[in-house]
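K.L.:
mind folding the following:
(chains A and B)
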Amino acid sequence: MIEQLKTKLNEIENNYTTKLQNCASLKELQDLQVEALGRKGALTELLKSLKDLSLEEKKAFGPLSNEAKNKLTALFEEKAATLEIEEINKTLNETDIDLTLPSYPFEKGKRHPLEIAKKRMTDILKGLGFVWAQGPLVEDEYHNFDALNIPPHHPARDMQDTFFIKNTQKKDFVLRTHTSGVQIRTMQKQKPPIRIIAPGRVFRKDALDATHSPVFNQIEGLYIDKNVSLADLKRDLTLFMQGLFGPKAQVRFRSSFFPFTEPSVEVDVKCVFCEGKDQNCPVCKGSGWKEMLGAGIVHPNVLRNCGIDPEIYSGYAFGMGVERLAMFSLNIKDIRNFYDNDVRILEQF
Amino acid sequence: MKILYSWLKDFIDIDLTASELEKHFTSLGMEVEEITKIGADFDDIYAAKIVKINPHPNADKLHLVDLETKDGTLRVVCGAKNIEEGQIVPLARVGARLGKEYLKPAVIRGVASEGMLCSSKELGLTAEASGIMLLDKNTPIGTNIKELYGKPDIIFDLELTPNRPDLMSHLGVARELSVLLNIPLKNKEIKHIEGSGNSLEVNILTDESGCQRYNGRIIRNVKNCPSPKWLAERLQAMDVNPKNAIVDITNYVLYEIGHPLHAFDLNHLKEGKINVRWASEGEEFLGLDGVKRTLNPQNLVIADGQKPVALAGIIGGENDSILPETKDIFLEAAYFYPPCINKTSKKMAISTESSQRFERGVDIENCTKAMDLATKLIVEICGGEVFKVNDVYPKPYIPQAVSFTPKDIEKILGMQIEEQKLKDIFSHLGKLEISAEKWLFTPPTHRRDLNHKWDLAEEAARFIGFDALTGKEDSSYAHLYFAENPKNVDIENILIDKLIGQGFFECKNYDFVSQKEIETFGFETKNCLEIQNPLAQGMEFLRPNLLMSLLKNIHHNQNFSRDNLRLFESGKTFNLQKGYPVENFAISGVLTGKTPTQKFFLNPQCSYGIFGLKGIVETLLSDYEIKLVPSQKAPVYMHPKICMDIMLDNKVIGILGQVHPLTLKAFDVKNEVWAFEFNLKNLEKHFDAQTFKKAKEVSNLPTSERDLSFIIDKTIPYAKVQQVLSSVEAKYNLIDLYQGSNLAEGKKSMTLHFEFTAKEKTLTDKEVNAAMENILTILKEQLGASLR
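P.N.:
Below is the predicted model of the structure:
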């Protein structure tokens, strides 16, 4: 009797083990599980015949039937998990969608290209320890000219065409022609050491064309301390240019003239596009160098005008145009593009 | 300033290429704007006549051209299209030189060519050419083409800085190269010509702020004539048209040694004297340029016994100018105070080669030399009897010596320089005396710009070369600096980043606006800053707000079918308060058109509306405790009913709302525009880069949610509901608003969604219900609400 039952148990186990492996869907598997292990299932039916067994026989057969039940249950669960994954993947794989349709258009906002360039420059200078300083755009002639060693009726005053303000009480307000007035204001307020940058708008009465704009942005730097020399200027500007153009950037000084610096230099940077190798380079025009800024050692008269003794302190100053740099860095050919605010240009950056 | 290479070589023996010279000029501080090669750089090219043009047997596009030359006919192969029989053309025969090339015998497609017809490009006369150069029909056969053009030469166009008037001549530039290259100058001595017989009486009637030296000399019985070729050619290279020898010589001296001269017709000078004086008020003067000017006592004039004959140092008079038939002349060489010349030149808007030199400062010691050089040339070219120079020079100029030490130079430049090198430079530049403790440098009279050790440091750096400057190893840095931004910069950057995240494009506009734009916006021009000398019409004022610029940007973009826009600008606004200019940092933004979506998605496109705008501004300023309050009186450029004040600390810091349709019409903007603008100033006291917000703990307990619908009078604004519920601790928001047929007349229904968060233990239903009861009671009692 018991041997017969054992054989039957084996048959059930083998039969359903095979069957469940062949199930193709969860539904089919569930039905099969009911058929095998359900209340009226094959295994349950078999166990019903246990009542005819002796106690000893029951003891021997009970664990066997439980083992078979557990084994089958585990197999059903395992198969169910596999089938579930298959079915989910099948559903997903049946998804019909054209992913190349245009996206839902979230608004894209953009920083103005000039500000992108300006931020890059001021970030580097901040890293070199320069503090951002500010001053008015409508400046008096003293801060814009006289204090900077540009006396009235001196040709240097004509180097920059100036806008004058009409209806003020004091007659001598102008739109600042450079941000250098900020240097004066800082030196009047603060004793050395001074290490500032003055980024901002300046105004010159230049006719509007592809390379001239009556409004443009400058960044000026000023460093006053003991023993500041032209070599310090060269080192700091080299660091700045390396920040902008990479570790290989080189600077070149050329003699120049500004009333507020002595010695004065023009600073060129080795052309980052052709490295001086292309005779037809559109950026450096074959010269290998790109004019970037004016600089020099602060003129002793300027220091004296601000109550700083030039025998004790010395300093350097530099000033550069943001537009000029932005134009060749961003490949903008016409300076007016910066002020047209045409979305077709703005959205590119 | 143009420099002719061959002219430069009159003063210094150099044999440098154009690019070598360019390098020297550049490093010395003279920027080279243009290099022009002129003249004929070829040999043995002669004029020939085309006798016959025959086809080439082996090539359709080539011809066999028979030419008549001074020694018989010959045949060349030529492919040019512009040739015709009878033309006179330049012919290069085998062996002729074209630049560096010598013409070799050639066989072209099986036919020997005995030479080449040249284009102007091949001759190096022009940069481009479209065919063979055609000579004048009357050019004799055999003419050496080289003779039709000058010798090969190079013109450098130098941009000079205003501190260096001494470079505004060939001698000046040669002097500079002489120091750099350590090559002595030649031909700089000018022999003094004594003359006999007295000059005119000369009176300087001004102090030092007018005229500081005046030299005058009479030359009688000159035979004025056209200038000789060499002189005319040099002036032409300077872009000056030769007139007559006397006038040309004065110009020549200016370009050669840098001192402007003026020549008068002696017989037109009244009363035999020269008065250098201030003009009297209203005095009239007719210049050589044919313009009559009214003068005032700020203008320095050269006058005869009666009237001005020249505007000193700037322009001569029409009536006393030198004509081809002039016989007797009076020559002037003077020194005028630079600011005086600058002032008049600027005021009168005349800038001449003469005024440009005087206003920068010529060499006062050069007056007599310039006079002698001109005299010598006049006598050589025009003859004449030379009189004595009358030299009025009340207070001779003595250059101030500068004392310095090599250490000073080293300190300024940050590099060590060999003492011998410094000695060479400064003894070459001027007079150098060396004593044990210091060096004493006396600059030459033409270098008034050398006044202190900083100036000398620049000279040292220029002549040694800035490339020798290397970044110092031992840093000068005594301090490290903490580079903090000004508050407004940080605030601005944060706000700008948010706006960009909200899909706004940043714009940058000029600060200039027109009177019309200001008036359209309802600002009074008397409160706005006006520019005395605007660049153009429509750019007279500085903008009192940023919005007017953004409306122009919308207009520009809508021309390119960009109708859906979000734009902002951050910048300064200007106004006049109590006669003084006031500037404010502001940010303004505009929304126009539809919200972005694709039509095939279900999301409908909608216009932004006031509530979209409010949301943007609230998000933008969420770090500040702002309040948005309906404006009592909207500005005239805004919708009178759809405009709100942005309040902070009970002050209005800005506005938001819909732009008035008439404002849009004035700016030619098609669609509705929603705008905001506020000042940054009041935000500053609530911002501190060093202070971070402190975190508040959040509860881990579940929240309870309830909705409440109630009916109130239509006239009660939502702000009133918020006000009465201000003591309620629950968070809530409006989820439904209904006014319509199911409700009684004049009523509306609101549904609020409440969210209760427990602090210490989970709230029971009872507690939440009690809180809701309390809310309903408040609404009933204070707003007359009823449960819906």
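K.L.:
residue A:335: which element?
P.N.:
Under DSSP states H and E, no helix or strand contains residue A:335.
K.L.:
count of neighbours near residue B:297?
P.N.:
Other residues within reach of residue B:297, judged by other CB atoms under 10 Å in any protein chain shown, total 11. In short, each C-beta sits where N, CA and C put it, glycine included.
K.L.:
where's it relative to chain A, distance?
P.N.:
16 Å (CB to the nearest CB, to the nearest Å).
K.L.:
surely that residue and residue B:280 touch.
P.N.:
Yes: taking CB atoms under 8 Å as the definition, residue B:297 is a contact partner of residue B:280 at 6.7 Å.
K.L.:
quick one: residue B:430 from chain A, how far?
P.N.:
Residue B:430 is 17 Å from chain A, by CB to the nearest CB.
K.L.:
list the contacts for that residue?
P.N.:
B:399, B:441-444, B:447, B:450 (CB atoms under 8 Å, 6 or more residues apart in numbering or on different chains).
K.L.:
helix/strand/coil for the residue in the stretch 51-200 of chain A that chain B sits nearest to?
P.N.:
Relative to chain B, the nearest point of the stretch 51-200 of chain A is residue A:107 (2.2 Å; CB to the nearest CB). Look at residue A:107: counting by DSSP: H, G, I helix; E, B strand; the rest coil, its state is coil.
K.L.:
dihedrals phi and psi, it?
P.N.:
Main-chain torsions, residue A:107, degrees, to the nearest 10: phi -60, psi 130.
K.L.:
skip the chain neighbours and tell me the closest residue to it.
P.N.:
residue B:503 (2.2 Å; CB to CB, 6 or more residues apart in numbering or on different chains).
K.L.:
over to residue B:501?
P.N.:
Closest to residue B:501 by CB to CB, 6+ apart is residue A:109, at 6.6 Å.
K.L.:
contact partners for that neighbour?
P.N.:
B:499-506, B:566.
K.L.:
what ranges does the stretch 151-300 of chain A have for its helices?
P.N.:
Assigned by DSSP state H, counting those that start in this stretch, the stretch 151-300 of chain A shows helices spanning A:180-189, A:230-245, A:300-305.
K.L.:
mind checking how far the shortest one is from the chain centre?
P.N.:
From the chain centre to the centre of helix A:300-305 is a distance of 41 Å (CA atoms, centre = their mean, to the nearest Å).
K.L.:
is any part of that helix close to chain B?
P.N.:
Yes: Helix A:300-305 reaches chain B (CB under 8 Å from any CB of the partner chain) through residue A:300.
K.L.:
okay, now the domains of chain A?
P.N.:
Using automatic domain parsing, the domains assigned to chain A come out as A:2-94, A:113-137+A:177-346.
K.L.:
comparing the helices of the stretch 151-300 of chain A by mean pLDDT, which bottoms out?
P.N.:
Among the helices of the stretch 151-300 of chain A, helix A:230-245 has the lowest mean pLDDT, at a mean of 91.
K.L.:
who touches residue B:373 in this structure?
P.N.:
B:190, B:253, B:256-257.
K.L.:
what's the lowest-pLDDT member of these?
P.N.:
Within the contacts of residue B:373, pLDDT is lowest for residue B:190, at 89.
K.L.:
give me the three-state assignment for that one.
P.N.:
coil.
K.L.:
residues in contact with it?
P.N.:
Going by CB under 8 Å, 6+ apart, residue B:190 touches B:257, B:369, B:372-373, B:376.
K.L.:
returning to what we had before: so which of the domains of chain A is the most packed in?
P.N.:
Comparing these by mean neighbour count (mean count of other CB atoms under 10 Å in any protein chain shown), domain A:113-137+A:177-346 ranks first with a mean of 20.
K.L.:
any idea how far residue A:276 lies from residue A:238?
P.N.:
17 Å (CB to CB, to the nearest Å).
K.L.:
an error on my part: the question was meant for residue B:557.
P.N.:
For residue B:557 relative to residue A:238 (CB to CB), the value is 42 Å.
K.L.:
max-length helix in the chain?
P.N.:
By default, I'm working from chain A. What stands out as the longest helix in chain A, according to DSSP state H, is helix A:55-93.
K.L.:
wait, chain B was what I had in mind.
P.N.:
From DSSP H, the single longest helix across chain B is helix B:765-783.
K.L.:
dump the C-alpha coordinates for that helix into PDB.
P.N.:
Extracted C-alpha coordinates of helix B:765-783, given in PDB (Å, rounded to 0.1, in the frame of the first residue of the first chain):
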ATOM      1  CA  ASP B 765      -9.900  62.600  13.600                       C
ATOM      2  CA  LYS B 766     -11.500  64.400  16.400                       C
ATOM      3  CA  GLU B 767      -8.700  66.900  16.700                       C
ATOM      4  CA  VAL B 768      -8.800  67.600  13.000                       C
ATOM      5  CA  ASN B 769     -12.600  68.000  12.900                       C
ATOM      6  CA  ALA B 770     -12.300  70.500  15.800                       C
ATOM      7  CA  ALA B 771      -9.800  72.500  13.900                       C
ATOM      8  CA  MET B 772     -12.000  72.500  10.800                       C
ATOM      9  CA  GLU B 773     -15.000  73.600  12.900                       C
ATOM     10  CA  ASN B 774     -12.900  76.500  14.200                       C
ATOM     11  CA  ILE B 775     -12.000  77.500  10.600                       C
ATOM     12  CA  LEU B 776     -15.600  77.400   9.500                       C
ATOM     13  CA  THR B 777     -16.600  79.500  12.500                       C
ATOM     14  CA  ILE B 778     -14.000  82.100  11.600                       C
ATOM     15  CA  LEU B 779     -15.200  82.300   8.000                       C
ATOM     16  CA  LYS B 780     -18.800  82.500   9.100                       C
ATOM     17  CA  GLU B 781     -18.300  85.200  11.700                       C
ATOM     18  CA  GLN B 782     -15.800  87.300   9.900                       C
ATOM     19  CA  LEU B 783     -16.800  86.900   6.200                       C
END
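K.L.:
low-confidence ranges in the chain?
P.N.:
The chain I'm using is chain A. Applying pLDDT under 70 to chain A flags residues A:156, A:159-160, A:170-171.
K.L.:
other chain: chain B
P.N.:
B:471-481, B:596-606.
K.L.:
one more pass at 50, please.
P.N.:
B:478 (pLDDT under 50).
K.L.:
so who does the residue of it found nearest chain A touch?
P.N.:
Across chain B, no residue is closer to chain A than residue B:503, which sits at 2.2 Å (CB to the nearest CB). The contact partners of residue B:503, by CB under 8 Å, 6+ apart, come to A:106-109, B:566, B:596.
K.L.:
look up the closest residue to residue 301, ignoring the ones flanking it.
P.N.:
No chain specified, so I'll use chain A. Take residue A:301 and drop its neighbours on the chain: the residue closest to it by CB to CB, 6+ apart is residue A:149, 4.5 Å away.
K.L.:
oops, chain B please
P.N.:
residue B:308 (3.8 Å).
K.L.:
my guess is that neighbour contacts residue B:279. True?
P.N.:
Yes: using CB under 8 Å, residue B:308 is in contact with residue B:279, at 6.3 Å.
K.L.:
overlap of the contact sets of the two?
P.N.:
B:285, B:295, B:301.
K.L.:
could those go into TSV alongside neighbour count?
P.N.:
Listed next are the shared contacts of residue B:308 and residue B:279 as TSV, based on neighbours: other CB atoms under 10 Å in any protein chain shown:
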residue	neighbour count
B:285	23
B:295	20
B:301	23
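K.L.:
and which of these is nearest to residue A:200?
P.N.:
residue B:295 (41.5 Å; CB to CB).
K.L.:
tell me the spacing between that closest one and residue B:285.
P.N.:
6 Å.
K.L.:
list the residues that contact both of those two?
P.N.:
With CB under 8 Å, 6+ apart, residue B:295 and residue B:285 have common neighbours B:279, B:301, B:308, B:311.
K.L.:
compare those and tell me which is most surrounded.
P.N.:
In these, the most neighbours by other CB under 10 Å go to residue B:311, 27 neighbours.
K.L.:
phi, psi of that one?
P.N.:
phi -90, psi 110.
K.L.:
list the contacts for it?
P.N.:
B:285, B:287, B:293, B:295, B:299-301, B:317, B:344, B:348, B:350.
K.L.:
thank you, goodbye.
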